[in-house]
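Visitor: Could you look at this predicted model? Sequence included:
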Amino acid sequence: MSSPNSAYVARDLAHVWHPCTQMKDHERLPPIPIRCGQGAWLEDYSGQRYLDAISSWWVNLFGHANARINAAVRAQLEQLEQVILAGFTHEPVIALSEALSAIAPAGLTRCFYADNGSSAVEVAVKMSFHYWRNVGRTAKRRFLTLSNSYHGETLGALAVGDVDLYKEIYRPLLMDVITVPSPDCYAREPGESWAQHSRRRFAHMEAALAGHAHEACAVIVEPLVQAAGGMRMYDPVYLTLLREACDRHQVHLIADEIAVGFGRTGTMFACEQAGIRPDFMCLSKGLTGGYLPLSTVMTTEAVYEAFYDEYLKLKAFLHSHSFTGNPLACAAACASLAIFRDDHVLEGNRALAARLGERARALEDHPHVAEVRQRGMIVAIELAADKMSREPYPWQERRGLRIYRHALTRGVLLRPIDNVVYFMPPYVITPAEIDLMVEVAREGIERATCE
Ligand code: PMP
């Protein structure tokens with residue numbers, strides 16, 4: 001190790017404990033110190049560049065060092081970096097709330113801020129529970145969730161999620177939830193359409209709601225794509241049915257659009273594809289264009305009004321975080337939304353998504369590719385030990401890690417989830433970069449499945 005990266009690696013490993021990482025793995029594969037970023041590319045201290053095919057954990061929308069977002073953050077920095085949001089306010093948070101209310105599904109007019117996705121989920125869960133208390137429905141205290149869902153790592157968010165890898169060890173600390181089989185279309189019968197499968201799977205949700213509505217606050221879902229659960233996808237009809245059933249059973253619907261919001265699925269918000277308005281919509285990640293930590297929970301006037309009363313009634317939502325609605329983050333978010341507006345981003349993305357889907361589908365014939373699936377700008381390739389039976393590779397073999405390592409040597413940052421290789425690139429990616437990204441994934445898959 002004598003590259004200009006080495007000194008940073010040594011200093012890092014002396015003190016930094018990395019997220020979502022078995023630190024012992026760094027004995028063989030050290031962390032990569034990034035010096036700078038530009039567009040869809042990251043660059044380390046030795047000048048090696050990496051195409052950011054996963055938008056730096058699904059956050060970046062318009063490239064690293066985006067000139068317009070940089071300018072907005074810089075201008076805000078000269079004015080005000082942070083102020084308490086209780087009792088005080090500021091222009092960026094007002095402008096952002098107006099802009100979000102204008103583009104969100106109609107009726108989501110109230111924005112409550114936090115500073116990361118998990119905290120937004122905590123807010124939505126607490127707010128739903130508290131709403132039912134405030135209106136006198138005190139038996140409502142449980143939540144319904146889908147199998148294989150992911151909503152974050154804090155204890156409440158972990159409880160309403162269902163990825164064992166992250167959840168199992170902490171189970172004794174977590175509230176008890178009602179887990180309903182997912183509409184995930186990877187499990188559909190041969191010849192069955194996504195819509196047919198999702199509709200059929202809804203019977204489980206209908207039964208769970210019928211049995212638990214009296215004690216249920218809300219159903220929480222990741223609309224259309226279960227992201228951390230391996231980019232598993234389902235049809236919008238499920239959300240349409242869910243909205244109707246939640247209304248009928250008087251249970252809230254929480255849409256966790258933290259990963260899928262801001263154009264990832266082809267529409268600004270995934271819920272739009274089902275024509276529904278959730279009672280709570282959680283946003284983070286792409287909210288600031290991926291620049292700064294910020295999240296919001298958008299909700300309705302009906303929910304807001306259930307908390308609005310004389311202080312002495314003790315109905316207020318007293319949740320807070322020190323950095324709630326940070327001005328720099330809000331300024332970045334406003335700039336990001338302006339780019340969507342000015343540059344007709346969703347329209348432009350259609351051509352990129354078509355290219356990405358077309359290139360990735362060329363891998364369908366590979367003997368260890370069980371499925372290539374797509375929703376908008378998210379494309380996933382599911383590997384299997386046996387293509388016909390879809391028997392997965394045992395997780396212990398860490399095939400995805402082999403692909404990750406190969407891609408790094410070719411200057412592409414892929415980060416497979418177990419046996420699922422996926423692409424979720426920033427929207428500034430070019431057609432040539434899409435081709436490179438898919439080609440490198442193909443090479444990685446070849447190497448990882450050859451024995
Ligand atoms: N919900 C979903 C759907 C997510 O994908 C994530 C993050 N991957 C979270 C919640 C948690 O967000 P954060 O990592 O910012 O806490």
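Guide: Arrived safely, thanks for sending.

Visitor: excluding its backbone neighbours, what's nearest residue 401?
Guide: Leaving aside its sequence neighbours, residue 401 sits nearest to residue 416 (C-beta to C-beta, 6 or more residues apart in numbering; 7.6 Å). No exception for glycine: its C-beta is placed from N, CA and C like everyone else's.

Visitor: That neighbour touches residue 403, doesn't it?
Guide: Yes. Between residue 416 and residue 403 there is a contact under C-beta atoms under 8 Å: 5.2 Å.

Visitor: Could I get the pLDDT score of the residue nearest to residue 401?
Guide: What the model reports for residue 416 is a pLDDT of 98.

Visitor: Pretty sure residue 332 sits against residue 293.
Guide: No. Counting by C-beta under 8 Å, residue 332 stays clear of residue 293, with 10.2 Å between them.

Visitor: Show me which of the two is the more surrounded one.
Guide: Per other C-beta atoms under 10 Å, whichever of residue 332 and residue 293 has more neighbours is residue 332, with 27 against 17.

Visitor: On the three-state scheme, the more buried one is what?
Guide: With DSSP: H, G, I helix; E, B strand; the rest coil as the basis, residue 332 sits in helix.

Visitor: if I pick it, what's in contact with it?
Guide: 69, 72-73, 288-289, 291-292, 294 (C-beta atoms under 8 Å, 6 or more residues apart in numbering).

Visitor: and the stretch 251-400 of the chain, which of its residues are near the ligand?
Guide: Residues of the stretch 251-400 of the chain lying close to the ligand (C-beta under 6 Å from any ligand atom) are 256, 258-259, 284.

Visitor: State the distance from the nearest residue to residue 111 once chain neighbours are set aside to residue 87.
Guide: Using C-beta to C-beta, 6+ apart and skipping residues adjacent in sequence, the residue nearest residue 111 is residue 97, 4.4 Å away. Noted for residue 97: a distance of 17 Å to residue 87, by C-beta to C-beta, to the nearest Å.

Visitor: Which of those two has more residues huddled nearby?
Guide: Counted by other C-beta under 10 Å, residue 97 and residue 87 do not tie: residue 97 has more neighbours, with 20 against 6.

Visitor: did I read that right, that one in a helix?
Guide: Yes. Counting by three-state DSSP, residue 97 falls inside a helix.

Visitor: How about the stretch 51-200 of the chain: which residue is closest to the ligand?
Guide: Ranked by C-beta to the nearest ligand atom, the top residue of the stretch 51-200 of the chain for proximity to the ligand is residue 117, at 2.1 Å.

Visitor: Please name the residues that touch that residue.
Guide: Taking C-beta under 8 Å, 6+ apart, we find residue 117 in contact with 151-152, 157, 256, 258, 282, 284-285, 295.

Visitor: Report pLDDT for the residue most central in space within the chain.
Guide: The structure's the chain has its C-alpha centroid closest to residue 259; by C-alpha atoms, centre = their mean the separation is 1.6 Å. Residue 259 carries a pLDDT value of 98.

Visitor: For the closest residue to residue 331 other than its chain neighbours, list the residues it contacts.
Guide: Nearest non-adjacent residue to residue 331, counting by C-beta to C-beta, 6+ apart: residue 76, 3.6 Å away. Applying C-beta under 8 Å, 6+ apart to residue 76 gives the contacts 92, 327-328, 330-331.

Visitor: again with residue 4
Guide: 45-46 are the contacts of residue 4 under C-beta under 8 Å, 6+ apart.
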